[in-house]
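Colleague: Got a sequence here, can you model it:
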Amino acid sequence: MILPLQITSRNLELTEAIKADIREHAEKLDKYYDRIMSCRVTVEALPKRSLYNVHIDITVPGVELVVKLDPNTDLYLSIRDAFHDARRKLEDFARRQRGDVKHHEEMPHARISALFSDKGYGFLTTPDGREVYFHEHSVLNHKFKQLEIGIEVRFAEEMGEKGPQASSVTVI
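Modeller: Numbering: from 1, shown residues only. Below you'll find the model as predicted:
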């Protein structure tokens, strides 16, 4: 870090052990991204509810990354979780900065080949001829009762008890 780590507290006195834990976590952030300009950590006690908030502000070239999670009853867990989230944000920032972009595989296409409206399920046929079961609750953007054989859909597939099934079906 270019600037020294800043640790502040509200409504509680930080022990040396807590400060050391925060410093250790902050030092590890430099491994994930070595161009951190500053890191400010604020630890806050919510005395009426016995909860702790840990807020982290990290400045990197051109951006300020902010971490603020839900309060936790365990201070050390709050610190760990906040720094875990900070590491993830730094990794994402570094990935975007390098131009590494995640390419999500497009959901497969299929056509509705059979419908059993009275029983609440149907089957899809994929372009390669496989049949995939789907339930009326897996249809996302359409009413099941209005579906017709031949409609083209996208779907997410998983293995069910009796074979492949669509966990989500979206009418195109």
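
Colleague: Next, the buried residues of stretch 12-24.
Modeller: By neighbour count on 16 or more other C-beta atoms under 10 Å, the buried set for stretch 12-24 is 14, 18, 21-22. For every residue, glycine as well, the C-beta is placed using N, CA and C.

Colleague: Quick check, L51 in contact with N72.
Modeller: Yes. With contacts counted by C-beta atoms under 8 Å, L51 reaches N72, the gap being 6.5 Å.

Colleague: Look at the residue in the chain sticking out farthest from the centre and report its pLDDT.
Modeller: If you look at how far each residue of the chain sits from its centre, by C-alpha atoms, centre = their mean, the farthest one is D118, at 37.3 Å. With respect to pLDDT, D118 scores 92.

Colleague: is it fair to say it lies in a strand?
Modeller: No. D118: not assigned to a strand; according to DSSP: H, G, I helix; E, B strand; the rest coil it is coil.

Colleague: Tell me how this structure divides into domains.
Modeller: Annotated domains of the chain cover 6-98, 109-171 [automatic domain parsing].

Colleague: centre of the chain versus the helix or strand hosting I22, how much separation?
Modeller: In this assignment (DSSP states H and E), I22 forms part of helix 16-32. On the basis of C-alpha atoms, centre = their mean, to the nearest Å, helix 16-32 sits 24 Å off its chain's mean C-alpha point.

Colleague: Tell me the helices and strands packed up against that helix.
Modeller: On a contact count with 3 or more C-beta pairs under 8 Å, 6 or more residues apart in numbering; DSSP states H and E, helix 16-32 meets strand 6-10, strand 38-46, helix 75-98.
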